[in-house]
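Enquirer: Provide a 3D model corresponding to the input given below.
(3 chains)
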Amino acid sequence: MSSVRDIISRLGGMPMGFATVLKTFFRKPVTVQYPEQKKPMSARFRGRHHLKRYDDGLEKCIGCALCAAACPADAIYVEAAENTNEQRFSPGERYSKTYEINMLRCIFCGYCEDACPTNAIVLEPIEFPTGYTREGMIYAKDKLLEPAPAGVQGTPQVTPPGKYERAILPYPPIDASV
Amino acid sequence: MAPILLFFLKSVALIIIALAGFAYTTLLERRFIARLQARIGPNRAGPQGFLQPVADGLKLIVKESITPAQADKVIYFLAPMIAVIPALIVFAVIPFGSDPIFSLMGDLNIGVLYILAILSIGVYGSALAGWSSNNKYASLGGLRASAQMISYELALGLSLVAVVLMASSASLNDIVKYQQPGNILGWLIFRQPIAAIIFAICAMAELARAPFDLVEAEQELTAGFLTEYGGMKFALFYMSEYVKMIAMSALFATFFLGGWSGPFVNEVPVLSLVYFAIKVVIGLLIIVWVRATLPRFRYDKLMSFGWKALLPIGLANVMLTALLIVLGVY
Amino acid sequence: MADMINLTIDGIPVAVPKGTVIVDAAKKIDNDIPVFCYHPKLKPVGMCRMCLVEVGTPKMDPATKQVVKTEDGKAVIAWMPKLATACTTPVSEGMAVRTNTKQVLDARNNVLEFLLTSHPLDCPICDKGGECPLQNLTLAHGPGVSRFEYEAKNHNAKHVPLGDLIFLDRERCIQCSRCIRFQDDVADDHVLQFHDRGRHMEIVTFSDPPFDSYFGGNTTDICPVGALTTADFRFKARPWELDSTPSVCTHCAVGCNITLNTRLETRTGGHEIKRVMPRQNEHVNEIWTCDKGRFVHHFTRSTDRLTQPLVRDASGKLAESTWEAALQLVADKVRGKHVAGVIGDRLPNEDAFLFGQLLTDVIKTGSVTMSPAIPAAYADIVRGFGVGKDTEFKQIGKGDTILVVNGDLEESAPVWFLLLRQAVVDRGAKLVMAHDHITKMHRYATKTVNYELGTAANWAATETMALGAELKAARNVLIVFGDEKLSADGARALARALANIMIESGHAGKANSGLLPLYPHANTQGVFDALPEQLASTVAVQHGKRQADVAWLIGVGDPADVPQAAFTVVQELFLTDVAKSANVVLPALSFAERDGSFTSGDRRVQRFYRALPGMGQAKPDWWIIQEVAKRLGKSWGFHGTTEIFAALADSRPDYAGLTYELLGVTESQWPPVGRADLYYGGTAYDNTGGVGARYAARAEQSGFTAVSEAVAPPSADMESLQHLPRTLYQAGELISRSKVLAGHVEYRNSEMTRTAK
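Expert: Predicted coordinates:
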């Protein structure tokens, strides 16, 4: 066999190349048929953004816009407004009235997660933003905000005065009566 | 049947076959090369991607037709046609089956000369496209196309001289018949292996396909002479490339693989068409296989290979063949 | 300078005037001693202890009373055993200061740690976050970690309204008292005070209504933390997201330099003014602005802004039209007709100039006047005897006399009130008040003269000579006057009489002397100057009775100023009452959406810049005027206000030499504010748009001989009684669209609201 190999190598290995390519023909393709088949993603994979809620249904997002400030692609737009006890979206005084992410601009770097003081925004490996129009790729709060936990009212909520005075730490709020 | 009507019907049938063949050659190539690269290839449009050529065609038809402002408009429009028409009319002299009336447009006694002439015209399409686009990449692509065609045409012609010498005829039908002594060893690939190899290499170069695709080397030239073309004008170039691929494959089968010949051809004439088709498809697959295997030539290597290797070997082969004929070996 | 003191700070010698405190001296050589309670515009109190430094003085030999020196001739420094507050310690000769020793750095660290024990650190939702002195100084000098449990912190109310414009967050307050001191020392509205002690100390307002001041917004600028926020900007945007464009306030004659902070807004599909901040101009408004200037900006993005040309159709309704059709219609209607043009005094110089050119040069059968018309009766006198070119309000002080006649400084020109009050209270200028009612300025009067209601002109014409000797003795005389409750004739007589005083007391044409008119809007003087002279001064006064074929009104709010005409063209921002009755209404751009220049009451010409994209199809007024002129066969070919201003400067001798480049020149100013210095001078913006330039009064120019000339006041000025004293928040098209001042706007009936005295 060694003499055959010798001849082959004298031919510049070209037949070997052809053989290798042809051998590949009989291999199973490595392609993953994406929408039907899905590869399991790493738990730390940065997929699309979700705005989280506390267990009592209030939004974690306080509209501070630090995510927008951290965003290197300028993909996030936040407008804040003031909570009242009659119409409460988040603990503390401030909540995000408008929260939009342009998924076409987003580079999924996760800086917004790092910047978030309340861990409200999380890039999860669950789904990936796709769409047919540019407008459709601007995800507003209706798409980003996760639904309220089962059996809990969503936002806005009517809350007793004094319970949700502070936006950040500690949570759950300190019970002054204890 | 009036001969003129027959010619007309044969032409229409031929064009339809060539165009359908073009469309499905693209699919064949994409699927086959995908498998050679451990991929699946286009499988979304229709079952097994069967409608992919339709989708591609529709896309190219409805695409906006853009003409560069500084282009030479007339030539810019003419170039795709110059490219595609020769590719189609090459088929006129190729015998597809054993029946010369129904499966051959015209049995020219100078068929080989006709083919060489027509193939040379094809290069004008690329060269003019490159020049008229008024784009530096296109110009370079066009220049490369001209130089490459001229260089490899010589060796291509020499390889065919040997074939013509052997068959003592320049008619393709005669060449096929010459290879049909009843056994497979009659095929010229066995009796003229050097000519066959030179022809195969030169055919690949004439097609400007990998590894000879310097004309549209995308790493250097964006898309070469195609850079400024889009939509249907681009599709015409694309068509010319694939129709030529089929034509070259058919010519190789005709010259070296005994054409339509095969077992039981005389008993069942339809078999000749099937044999021919199989040979053409195998030729196409080999072309794709080569593309999947070999990297692109460097330009100076391309030139030195053409002029310093293929041309002398071709000449030597002609002389050797002539000598052997004179000596009566053949 | 005579009284210069030499000292060294960290070994670097510096010479400063006597009386300077160490913080300011250090700031002059860019040594930033951190401060919270100290503010260069306020009196020092030394409350926050942030500015602690090591201070030493040259050692004196008790026997010889000489400075002890070392062998190489340097003075031996006797360092004080403890740290001293740099903000309350005045410099002294030979003093040495050390700001970078371990002792000092530790002190800063410890002070910050103390401050942070009761600070909530809710920077992410704090409006000051990003431009917060406490944030910046903590980063620069403070501890990296907190040693305190969150629960151990002071938890106080976070939403305490101090009035409806300013909100207090008690947790964030570090008790620096800057706001209290601003209200007491600068605004003289004693409405804030500390309450309780120790950890319970808080800012309270004790006035009724709460925080009753025109200057409350300034306290949020100088607040070193996010404790004070305005209702307007609360949670609206983060400071780093804002674009800032230099502009000029349009609401009164002061011409405060402001910065428009804009940001992208999803709903309006463009930019929107998020807040108005003062822009430092030490010649004009220093670093202050009043609440009207700060909170009236909402009209620029009001939903009822006109966005398309309107033309009255066959059915008598105003229907939307195109520019081409509307302009052609206007051109056809005015050609060869008698056109009475009226232009409002909020319009920039360029538009007024072009309007005058159109009516006199192109239409030729036109006449033009301004609205309101009364100032046009005396603006030429102001141009002659106004304050001198080099007047600086800061220089007015001891030996000078300020005479205020017939006008309420605080209501008509709030920032001039601040500046002139300081001239009187802090620097000892004499103040003479001549009024028919009591104003806030009367608190500081050295002399008060009263006259009958509405007889200011008569009083000035007859009795001012009694003041003659006093005024003659003064170093400088500044006369502030208004046209309240006066007819055009009365106002002219008053201005003329006051000019006569200036001439006779020998102060005409001097710096720091002259007339200072309380014009109603930002560009009254500028519009008058830009209009053709003969038309403005003569036609103006009889405006109401004017009749014409076509009336053309630009920014005219008062129906009384509308001439009678068969066809009316209106250029406006809104469909006002005047616009509703017009035949063609053309949408114009507001001051925030275009460039231009204003001439303030003290004749300082200042540029403002485009901050917002236009609304709909609205166009700048000068463009509309130029387009009509083009259709009448006159092609000016102006591309922008720069070229128009150049043409104006060419044809108005007073403006000769003024160019946009000159008006846009900035200079370094003291104290530094904003950016890196916001811990020191507050968050007001530094000046990037130019400080403007004042043109010389005619009395100052060579070849002008001031001659006093008697103008008899109207004997029975009955019309005057219909005019009420002007107040800052009186209802108008712009202020009534403010989202936060709604509760303050004064809607008036015809009765007198104030008692005459």
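
Enquirer: how would you label the nearest residue to B:G259 once chain neighbours are set aside: helix, strand or coil?
Expert: Nearest residue to B:G259, sequence neighbours excluded (C-beta to C-beta, 6 or more residues apart in numbering or on different chains): B:V176, at 3.3 Å. All C-beta atoms are positioned from the backbone trio N, CA, C, and that covers glycine. Under DSSP: H, G, I helix; E, B strand; the rest coil, B:V176 falls in the helix class.

Enquirer: cool, B:K279 as well?
Expert: Secondary structure state of B:K279, per three-state DSSP, is helix.

Enquirer: Return the residues in contact with residue 79.
Expert: All of this is about chain A. By C-beta atoms under 8 Å, 6 or more residues apart in numbering or on different chains, the residues touching A:E79 are A:63, A:96-99, C:237, C:265-266.

Enquirer: Sorry, I should have been clearer: chain C.
Expert: If a contact means C-beta under 8 Å, 6+ apart, then C:W79 has C:54-56, C:96 as its contacts.

Enquirer: just the buried members of the residues you listed?
Expert: Among those, those buried by neighbour count (16 or more other C-beta atoms under 10 Å in any protein chain shown) are C:54-56, C:96.

Enquirer: before we move on, the earlier item: the residue nearest to B:G259 touches B:F96, doesn't it?
Expert: No: if you go by C-beta atoms under 8 Å, B:V176 and B:F96 don't touch, sitting 10.2 Å apart.

Enquirer: And these two? Which one has more around it.
Expert: Legend: neighbour count by other C-beta atoms under 10 Å in any protein chain shown for B:V176 and B:F96, higher for B:V176 (26 against 22).

Enquirer: What pLDDT does the model give the residue lying closest to B:G186 once chain neighbours are set aside?
Expert: Excluding the flanking residues, the one nearest B:G186 by C-beta to C-beta, 6+ apart is B:Q179, at 4.9 Å. Per-residue confidence at B:Q179 stands at 79 (pLDDT).

Enquirer: can you give me the strands in chain A?
Expert: For chain A, the strands defined by DSSP state E cover A:48-51, A:76-82, A:94-102, A:121-124, A:138-139.

Enquirer: Quick one: closest of the ones you listed to C:G293.
Expert: strand A:76-82 (24.1 Å; C-beta to C-beta).

Enquirer: if we can go back for a sec, contacting residues for the residue nearest to B:G186?
Expert: Contacts of B:Q179 by C-beta under 8 Å, 6+ apart are B:167, B:186-188, B:258-259, B:261.

Enquirer: ok, so of those, who is nearest C:L327?
Expert: Nearest to C:L327 among the contacts of B:Q179: B:G259, at 80.8 Å, using C-beta to C-beta.

Enquirer: In contact with that closest one, which residues?
Expert: By C-beta under 8 Å, 6+ apart, the residues touching B:G259 are B:95, B:172, B:175-176, B:179-180, B:253, B:276, B:279.

Enquirer: Can you give me the domain assignment for chain C?
Expert: What automatic domain parsing lists as the domains of chain C is C:4-100, C:310-372+C:523-672, C:379-519+C:707-726.

Enquirer: Dump those to a markdown table, plus mean pLDDT.
Expert: Formatted as a markdown table, those follow (pLDDT from 0 to 100):
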| stretch | mean pLDDT |
| --- | --- |
| domain C:4-100 | 92 |
| domain C:310-372+C:523-672 | 91 |
| domain C:379-519+C:707-726 | 88 |
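
Enquirer: now these as JSON lines including distance to B:F225?
Expert: Formatted as JSON lines, the domains of chain C follow (distance: least, C-beta to C-beta, whole Å):
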{"stretch": "domain C:4-100", "distance to B:F225": "65"}
{"stretch": "domain C:310-372+C:523-672", "distance to B:F225": "46"}
{"stretch": "domain C:379-519+C:707-726", "distance to B:F225": "72"}
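
Enquirer: so which of these gets nearest A:G12?
Expert: domain C:310-372+C:523-672 (66.8 Å).

Enquirer: follow-up on the earlier one: of the contacts of B:Q179, just the buried ones, ChimeraX syntax please.
Expert: For the buried members of these, the matching ChimeraX selection, counting by 16+ other C-beta under 10 Å, is:
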select /B:167,187,188,258,259,261
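
Enquirer: From the contacts of B:Q179, which land in strands?
Expert: Counting by DSSP E, no part of those is found in strands.

Enquirer: B:F297: which of the contacts of B:Q179 is nearest?
Expert: B:L188 (27.0 Å).

Enquirer: State the distance from whichever residue of chain C sits closest to chain A to chain B.
Expert: Closest to chain A within chain C is C:P124: 3.5 Å, counting by C-beta to the nearest C-beta. Counting by C-beta to the nearest C-beta, to the nearest Å, the gap from C:P124 to chain B is 47 Å.

Enquirer: Looks like that residue contacts A:A167 (just checking).
Expert: Yes: between C:P124 and A:A167 a contact is recorded at 7.1 Å, counting by C-beta under 8 Å.

Enquirer: which of the two has more neighbours?
Expert: A:A167 (25 against 20).

Enquirer: For the closest residue to the more buried one other than its chain neighbours, give me its contacts.
Expert: Closest residue to A:A167 apart from its sequence neighbours, by C-beta to C-beta, 6+ apart: A:G92 at 2.5 Å. Contacts for A:G92 (C-beta under 8 Å, 6+ apart) come out as A:62, A:83, A:164-168, C:122, C:125.

Enquirer: Turn the contacts of C:W79 into a markdown table, columns for distance to chain A and secondary structure.
Expert: Listed next are the contacts of C:W79 as a markdown table, based on distance: C-beta to the nearest C-beta, whole Å; DSSP: H, G, I helix; E, B strand; the rest coil:
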| residue | distance to chain A | secondary structure |
| --- | --- | --- |
| C:E54 | 38 | strand |
| C:V55 | 40 | strand |
| C:G56 | 44 | strand |
| C:A96 | 43 | strand |
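
Enquirer: which two from those end up farthest apart in space?
Expert: Going by C-beta to C-beta, the pair spanning the contacts of C:W79 furthest: C:E54 and C:A96, at 8.4 Å.

Enquirer: could you pull out the strands for the stretch 201-330 of chain B?
Expert: Here the stretch 201-330 of chain B has no strands by DSSP state E, counting those that start in this stretch.

Enquirer: Helices of that one, residue ranges please.
Expert: B:218-221, B:231-256, B:270-293, B:299-304, B:311-327 (DSSP state H, counting those that start in this stretch).

Enquirer: out of those helices, nearest to B:F22?
Expert: Among those, the nearest to B:F22 by C-beta to C-beta is helix B:231-256 (4.4 Å).

Enquirer: What residues of the closest one count as buried?
Expert: Residues of helix B:231-256 classed as buried by neighbour count (16+ other C-beta under 10 Å): B:232-256.
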